[in-house]
Each structure stands twice: as structure tokens, then as C-alpha cells.
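# Sequence first, then the predicted structure:
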Amino acid sequence: MLNSSVVRTQRRNPRPLSLGEMDCLEPKTKNNLTGKLLLVASLLILAVIVISQSSSFTSPSAFSRREEGVTHVLVTGGAGYIGSHAALRLLRDSYRVTIVDNLSRGNLGAIKTLQRLFPQTGRLQFIYADLGDPVAVEKIFSENAFDAVMHFAAVAYVGESTLYPLKYYHNITSNTLGVLEAMARHKVKKLIYSSTCATYGEPEKMPITEDTPQVPINPYGKAKKMAEDMILDFSKNSDMAVMILRYFNVIGSDPGGRLGEAPRPELREQGRISGACFDAARGFIPGLQVKGTDYKTSDGTCIRDYIDVTDLVDAHVKALEKAQPRKVGIYNVGTGKGRSVKEFVEACKKATGVEIKVDFLPRRPGDYAEVYSDPTKILKDLNWTARFTNLQDSLQVAWRWQKLHPHGYASY
Ligand SMILES: O=c1ccn([C@@H]2O[C@H](COP(=O)(O)OP(=O)(O)O[C@H]3OC[C@@H](O)[C@H](O)[C@H]3O)[C@@H](O)[C@H]2O)c(=O)[nH]1
């Protein structure tokens, strides 16, 4: 059940008073002393109700006006894996955070965890809404004074994108367009956009710099490239500050053990390697399927650059702090090191202590053989560098959360 701190966008009118509250108003009509006393008493009760509501977690007033020294960030997809970790970091750093999520991929449990951790007035609100609904989006932007948007919300599985391309094109491009238009209408000044190394496709030269040509080879990467293009074209005639972060492969979880990666079990078949490893280690699937062993790489499996989620959200905060009006910054967010799927599996076995059974399958459509980043530019401009570069350590932190939450957030 959604608790009282959840703002539902369909709740457009003030809430109806309860019978007891309406009873309190009745004496208003009686012109005698008792009536007046009752009227004063009832007004006092109402005042208490209003004050207690406005000082509650979801007070619209705290979010609807700008406050000197407080940056209000809209985190789309904040119930998801990366978005929830970003929200945690922003709240820790005293930002005001509004999360919008339709809970199609994200978890209400992540929101509840954040609410428990940050119960202070006016710091966090959750809006249950779909970014594909223009009425809901307009309402969100008109009722809240955002200083910045971190746009995480998106479907994000390469394998799934080859099976359901239209879903990917629609979700990624159309929702980004809706967010951009709303930002322009409401003069929101900063955008941090979640892009991906999948926009590069399969470059001839490694490592990948931000100048490497973008030739995506799967619908996920193509749709993200389209969204980037929309943002870049828009930014040419706008004073918005834009940062585009191209993530490599995100792993790990909050070292404090509060949040983790909890993909939908029904999407296991299309899921990422980290989820598959943990599912195999817990016996939820018979074994880990390594998809493709005939790539032209050192051991025949794909090479990826695995970046810890804690480092990734740190890059977001640095990007937010350094974003400049009328400027666009584009950055790779990776470690600069490539690891093969076989290496990843070995690290996962060590991190979990489970002798995971491994099956070798043919290639997965949409995969590219090798990608790893050159992170020089982000170090130079944002003073950011990956700190958690030991694959096994990152997986061990994530495994701790997985073991404590065998059914993801449903384990609470
Ligand atoms: O069960 C699996 C899953 C994945 N894999 C392999 O592991 C490698 C990594 O695949 P993942 O699905 O984890 O990740 P991808 O590299 O496809 O994309 C990932 O990184 C870039 C992000 O922007 C994407 O959102 C994310 O999905 C691929 O070679 C893939 O074929 C398996 O061998 N078995």
C-alpha cells in the first residue's frame, strides 16, 4: 500500500474532510456563545490538521517554491536501481528531491527505504506518475519549483530492446521529449541526462573517447542517441545547462546496505549479467548463461567496463555542481578498464562464494564485442575518477544486499 506521504497525481483536488471534521464546522451556523466557542474550537482543530499536513513529508509548499541555498532536483526513475542510489546521495548532500516513477521497473521498497532514512520535512517527495502522460508531467512541473532534472527513467536492457524495439524508441525518445518540453515551459535550468556507451556501437578503436563516432547497433543505443540529439539540438537555442553522461556497465550497490539492484523477475531472460549472476548464485535459475564465446576478444567473450553505482552517482553530483548555463558537457563514465564476461563470472563466483554453474550459449542479438572507456575528460573537467575499481569488491557489496533481500524489495 502507498502510504500517506505518496502524492498521487490523480489526486487533483484538496482531500475531502472526514465526517468528524465536518461535524466540527456545524456550529458556524449558530449565533450564540456556545456556537462561537465551538466555532473557535473547530477552527483550531482544523488549523492543527492543516499544519500537521503541511509539515508532513509531502508538503506541497516546501516543493513549490524556491529556497535560497537549497537545490531541488527532480529525479525521474528514482525508484529504479541507479535513480534510487542517486536520490540517496542527493538527500545525504542536503538536496531537496522529488522522485517521479511509474513503478514499471522501479520498486516502491526503494522509495520507502529513502523515506525512512530521510523523514525530514520538505526534503523528499514521491510522485507516482508516468512520464508518458503529458497532463501528469505538466502538473508535476507546474506544482514544483525544480532547479534541475536528473532524467534516469527509461527501459534499459540491450537484449530486450532487440525484441521490443518500438517500446524502446517510444519510451526513451518520447518521454525525454516530454521532460525537455516541460523543462523549457517551466524554465528549469539544468539537465543531467543518463546516456550510455551503447550509443557508440562497436567502435574500431579502444578505448572510447567522447569523440569516438556514435554508431549504435541496437534499438536501445539508437534510441538513446536520438534522445541525445534532441537534447543537443534544443540546447543550441537555450540557456539550459546540460550534462550528458554516457554510462558503461553499472554494478554494485550502496555500501551501507540500504539499497540494491532488484530487477523484475519476469525480465530475467533479458536481464543484465550482474542480475543473472546473483540469480544463479541463489539458485533462482539453474545456471548462468554466457551469451557468445566466439567474439574476437582475448577469451572469446564480450569485454565491458564495469562501473560501481556509488562512483556513478558521484559523477552525477559533480556534473550537477559544474553544469553551466548555455553549455553542454558530454562525458564517459567508466573505469577505463575492460573485463571479459568470463572474468566477470569468475569474480562473481568469488564474491558470492558459490560455484555457479555456467552454460555457454550463442551470441545475444544486439551485442558488441568490446567497449571500454577513456575517462580522461571527466577527470579533467569534473575532477571525477572511479574509486571502486575492484570488480570482486563491488560484487561482494551487491551480494550482501542480495542475500539479505532474496526477493528484492519484496523481502521487506
Ligand atoms: O545472462 C547474461 C546477461 C548478459 N550476458 C553478457 O554480458 C555482457 C554484458 O551484458 P549486459 O546485459 O549486462 O549489459 P550490456 O553491455 O548489454 O548493456 C548494459 O550496459 C550499458 C548500459 O547503458 C545498459 O543499460 C546496460 O544494459 C554481454 O556480453 C552479454 O551478452 C551474458 O552472457 N549472460
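Everything's here; your move.
# before we move on, what SS does whatever residue of the stretch 1-150 of the chain ends up closest to the ligand have?
Nearest residue of the stretch 1-150 of the chain to the ligand (C-beta to the nearest ligand atom) works out as I82 at 9.1 Å. For the C-beta atoms, the positions are set from N, CA and C on the backbone; glycine is no exception. Per DSSP: H, G, I helix; E, B strand; the rest coil, the local secondary structure of I82 is helix.
# do E346 as well
E346 - assigned by three-state DSSP - is helix.
# Next, find the distance separating it from S340.
9 Å (C-beta to C-beta, to the nearest Å).
# ok, now how distant is the residue of the stretch 1-150 of the chain closest to the ligand from D367?
For I82 relative to D367 (C-beta to C-beta), the value is 21 Å.
# shaky segments in the stretch 301-412 of the chain?
412 (pLDDT under 70).
# Spit out the contact partners of the residue of the stretch 1-150 of the chain closest to the ligand.
Each residue near I82 by C-beta atoms under 8 Å, 6 or more residues apart in numbering is listed here: 152, 194, 247, 250, 309, 312-313.
# Swap in 6 Å and give it another go.
Contacts were defined as C-beta atoms under 6 Å, 6 or more residues apart in numbering; by that measure I82 touches F152.
# Please enumerate the strands of the protein.
In the chain, the segments counted as strands under DSSP state E are 6-8, 72-76, 96-101, 124-128, 148-151, 190-196, 241-247, 249-251, 288-291, 303-304, 306-308, 328-333, 339-340, 358-361.
# Up against the ligand, what does the protein have?
Selection of the chain residues close to the ligand by C-beta under 6 Å from any ligand atom yields 156-158, 196-198, 247, 249, 272-273, 276, 289-292, 302, 304, 341, 364, 367.
# how about a cut-off of 8 Å?
156-159, 195-198, 220, 224, 247-250, 271-277, 288-292, 301-302, 304, 341, 344, 361, 363-364, 366-368, 371 (C-beta under 8 Å from any ligand atom).
# Show me how to select, in ChimeraX, the buried members of those residues.
In ChimeraX, this line selects whichever of these come out buried by 16 or more other C-beta atoms under 10 Å:
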select :156,157,158,159,195,196,197,198,220,224,247,248,249,250,271,272,273,274,275,276,277,288,289,290,291,292,301,302,304,341,344,364,366,367,368,371
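# Which secondary structure element of the chain has the lowest mean pLDDT?
Least confident helix or strand of the chain, by mean pLDDT, DSSP states H and E, is helix 19-25 with a mean of 31.
# quick one on the thing from earlier: and the strands of the chain, which one's lowest on average pLDDT?
Per-segment mean pLDDT for these reaches its minimum on strand 6-8, at a mean of 49.
# between E346 and S340, which one's more packed in?
S340 (19 against 16; other C-beta atoms under 10 Å).
# how close does the more buried one get to R92?
35 Å.
# what sits against the closest residue to R246 other than its chain neighbours?
Spatial nearest neighbour of R246, excluding adjacent residues (C-beta to C-beta, 6 or more residues apart in numbering): S195 at 4.6 Å. Contact analysis of S195 by C-beta under 6 Å, 6+ apart lists 224, 228, 244, 246.
# Same question for T162.
By C-beta under 6 Å, 6+ apart, the neighbours of T162 are 218, 365-366.
# if we take those, which one ends up nearest to L88?
L88 lies nearest to N218 out of these, by C-beta to C-beta, at 30.1 Å.
# Let me know whether V250 touches T310 as I believe.
No: V250 is beyond contact range of T310, at 10.2 Å (criterion: C-beta atoms under 6 Å).
# okay, now R339: neighbour count?
Neighbour tally, R339, other C-beta under 10 Å: 19.
# er, R92 actually
13.
# Also E143?
15.
# and the nearest residue in space to it that is not next to it in sequence, how many neighbours does it have?
For E143, ignoring the flanking residues on the chain, the nearest one in space by C-beta to C-beta, 6+ apart is S64 at 5.8 Å. The number of residues packed near S64 is 12, by other C-beta under 10 Å.
# for the one 3 residues further on, same thing?
Other residues lying near E67 total 13 when counted by other C-beta under 10 Å.
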